[in-house]
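S.K.: Let me see the structure of the following:
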Amino acid sequence: MSLRYYIFLKDVLLLALTAFGGPQAHISMMFRLLVDKRRYLTEQELIELNALCQILPGPTSTQTITAIGYRIGGPNLAYLTLLIWLLPAASIMAAAAISISYLQEHDISLRFLRFIQPMAVGFVAYAAYAISSKVVQTKLAVGIMVVSGILAYFFHSPWVYPLLLLAGGAITALRFKQHPQEKDKKLDIQWANFILYLAVLITAAVLGGATSSLPIRLFENFYRNGSLVFGGGQVLIPLMFTEFVDFKRYLTAEEFLSGFAIVQALPGPVFSFCSFIGNLAMREHGVWGQLLGSLVATVGIFLPGTFLIFFVIRFWDELKKYRVVRASLEGISAVSSGMVVAAAIMLYRPIDNTPLNFGIVVATFALLLFTRIPAPILILVGFALGFIF
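M.R.: Sure, this is the predicted structure:
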């Protein structure tokens, strides 16, 4: 491996340890370090890569930095990039889950988490506002967002979400004639990574259905969800809550909210929250079982997006010229916004509806909207207040 690759991986580790604030903040730091300082790629190349990743299912900033690694050194460097980027946050979330399990086993109260649970709802509410204000620009998109939010709230089957995404994309795809036509649309598609993506999906589904092995079923659950999440980590929340809290009851709503609040205080990808969920889903199998749960959940949630970015990046420049593709993105984005709005309401339900908890939700939302206080600071304040009171 060349010296340039080592320097790049060191830069990725630096980002993994310092990139707070979600995909938008991550991309800003990538501009400063990878474009302005190191010049691994141009500003326009990074903008185009990030645009591609935003329309693919999976974690946007993770796919972007993986794609940069692919551009620089091919698949091997890309996989190392992915590993270094996600490992710190995923490891901390696994440790947090084990700590919560330990405290519960020894009847130690988790009341110190009571303030960060409504704060987590405030974070999701702010995400719903931020996403919808950027992507919902037409009356049709507003209608799709409202309808999808209502359906997502009242129908909690895990299969409702992918159906809503497909329906939203299909509705706005019908308006493709409103987009300018472009020529020279000759696609040269190499199918290897897409076939690999489908093979893993089908194999996991068959093995998950045929066996009683919880790790295999968990891998299938997270791999499937990782194939369906458009819009980043915040859109992941309603999917995870519906499947693992409401439907399968692997963890409680309070545990879910606590884990989501903790991940807000960490650098790196929000998708590392899945390490926490997989860990607690395996708590009856001891510490080693919990670590296995974190491993299969983390691999499962990140792998689909990795396969898909490797597949699409080769013909993206030609694919985006198709008007139907561009038009469908409006509906997919609107459905994603509606799902996050529904998630904010669903996440508030398990919390005691007291003036204090409601006030914490509103205050968190307001602080995120009107100030520049970093999310980790807010979460640390929440922890401190929990210990003090």
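
S.K.: Before we move on, what's the pLDDT of Gly232?
M.R.: On pLDDT, Gly232 comes in at 62.

S.K.: Then Gly286?
M.R.: Listed pLDDT for Gly286 reads 90.

S.K.: so it is in which element?
M.R.: If you go by DSSP states H and E, Gly286 is part of helix 286-312.

S.K.: Name the next helix or strand following that helix along the chain.
M.R.: Where DSSP H and E defines the elements, the next helix or strand beyond helix 286-312 is helix 316-319.

S.K.: Show me which positions of that following helix end up buried.
M.R.: For helix 316-319, burial by neighbour count (16 or more other CB atoms under 10 Å) applies to 316, 319. Every residue, glycine included, has its C-beta placed from N, CA and C.

S.K.: So His26 sits against Ala16, correct?
M.R.: No. No contact is recorded between His26 and Ala16 when judged using CB atoms under 8 Å, the distance being 9.9 Å.

S.K.: Compare these two and say which is more crowded by neighbours.
M.R.: For His26 versus Ala16, the count of surrounding residues by other CB atoms under 10 Å is larger for His26: 27 against 23.

S.K.: ok, the closest residue to that one other than its chain neighbours to Tyr197 distance?
M.R.: Sequence neighbours aside, Ser61 is the residue nearest to His26 in space, at 3.8 Å (criterion: CB to CB, 6 or more residues apart in numbering). Taking CB to CB, to the nearest Å as the criterion, Ser61 is separated from Tyr197 by 20 Å.

S.K.: next one: Trp316
M.R.: Counting by CB to CB, the gap from Trp316 to Tyr197 is 16 Å.

S.K.: Please parse the protein into its domains.
M.R.: Structural domains assigned to the chain are 3-83, 86-388, following automatic domain parsing.

S.K.: Can you tell me the number of residues neighbouring Ala141?
M.R.: 22.

S.K.: start the count at 18, not 1, going forward
M.R.: New numbering, starting at 18: the last item is Ala158.

S.K.: Kindly indicate whether it is helix, strand or coil.
M.R.: The assignment at Ala158 comes out as helix when based on DSSP: H, G, I helix; E, B strand; the rest coil.

S.K.: Give me the buried positions along stretch 84-97.
M.R.: Of the residues in stretch 84-97, those scored as buried under the neighbour-count criterion (16+ other CB under 10 Å) are 84-90, 94-95, 97.

S.K.: Rebuild those as CSV, extending it with distance to Ala111.
M.R.: CSV is the format used below for the buried residues of stretch 84-97 (distance: CB to CB, whole Å):
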residue, distance to Ala111
Ala84, 26
Ile85, 26
Gly86, 24
Tyr87, 27
Arg88, 30
Ile89, 29
Gly90, 28
Leu94, 25
Ala95, 24
Leu97, 20
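
S.K.: List just the nearest of those to Ala190.
M.R.: Ala84 (25.2 Å; CB to CB).

S.K.: Tell me how far the helix holding Gly303 lies from the chain's centre.
M.R.: Between the mean C-alpha location of helix 303-329 and the chain-wide mean there is a distance of 12 Å, by CA atoms, centre = their mean, to the nearest Å.

S.K.: cool, and stretch 374-385?
M.R.: With CA atoms, centre = their mean as the basis, the distance from the averaged C-alpha position of stretch 374-385 to the chain average is 23 Å.

S.K.: quick check: mean pLDDT across that stretch?
M.R.: When pLDDT is averaged along stretch 374-385, the result is 92.

S.K.: what does it contact?
M.R.: When contacts are defined by CB atoms under 8 Å, 6 or more residues apart in numbering, stretch 374-385 is touched by residues 132, 134-136, 138-140, 142-143, 146, 365, 368, 390, 392, 395.

S.K.: now do 7 Å
M.R.: Under the contact criterion CB atoms under 7 Å, 6 or more residues apart in numbering, stretch 374-385 has outside partners 132, 135-136, 138-140, 142-143, 365, 368, 390, 395.

S.K.: do the same with stretch 120-137
M.R.: Counting contacts by CB under 7 Å, 6+ apart, the residues outside stretch 120-137 that touch it are 117, 271, 274-275, 277-278, 364, 368, 374, 377-378, 381, 395-396, 399-400, 402-404.

S.K.: please redo it, this time with the cut-off set to 6 Å
M.R.: Residues outside stretch 120-137 that contact it (CB atoms under 6 Å, 6 or more residues apart in numbering): 274-275, 277-278, 368, 374, 377-378, 381, 396, 399, 402-404.

S.K.: likewise stretch 316-335?
M.R.: Outside of stretch 316-335, the residues that reach it under the criterion CB under 6 Å, 6+ apart are 69, 73, 75-76, 80, 83-84, 99, 202, 204, 206-207, 210-211, 213-214, 236, 239-240, 243-244, 288, 291.

S.K.: Tell me the buried residues in that stretch?
M.R.: Counting neighbours by 16+ other CB under 10 Å, one finds that the buried residues in stretch 316-335 are 316-331, 333.

S.K.: CA atoms only for it - export them in PDB, please.
M.R.: Listed next in PDB are the C-alpha coordinates belonging to stretch 316-335 (Å, rounded to 0.1, in the frame of the first residue of the first chain):
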ATOM      1  CA  VAL A 316     -22.300  -5.100   8.900                       C
ATOM      2  CA  GLY A 317     -25.900  -5.600   7.900                       C
ATOM      3  CA  ILE A 318     -26.800  -2.000   7.900                       C
ATOM      4  CA  PHE A 319     -23.700  -0.700   6.100                       C
ATOM      5  CA  LEU A 320     -23.100  -3.400   3.500                       C
ATOM      6  CA  PRO A 321     -26.100  -2.700   1.100                       C
ATOM      7  CA  GLY A 322     -25.100   1.000   0.700                       C
ATOM      8  CA  THR A 323     -21.500  -0.100   0.000                       C
ATOM      9  CA  PHE A 324     -22.500  -2.600  -2.700                       C
ATOM     10  CA  LEU A 325     -24.800  -0.100  -4.300                       C
ATOM     11  CA  ILE A 326     -22.300   2.800  -4.400                       C
ATOM     12  CA  PHE A 327     -19.800   0.500  -6.000                       C
ATOM     13  CA  PHE A 328     -22.400  -0.500  -8.500                       C
ATOM     14  CA  VAL A 329     -23.900   2.900  -9.400                       C
ATOM     15  CA  ILE A 330     -20.700   5.100  -9.300                       C
ATOM     16  CA  ARG A 331     -19.500   3.600 -12.600                       C
ATOM     17  CA  PHE A 332     -22.500   4.900 -14.700                       C
ATOM     18  CA  TRP A 333     -23.900   7.700 -12.500                       C
ATOM     19  CA  ASP A 334     -23.000  10.400 -14.900                       C
ATOM     20  CA  GLU A 335     -25.300   8.900 -17.600                       C
END
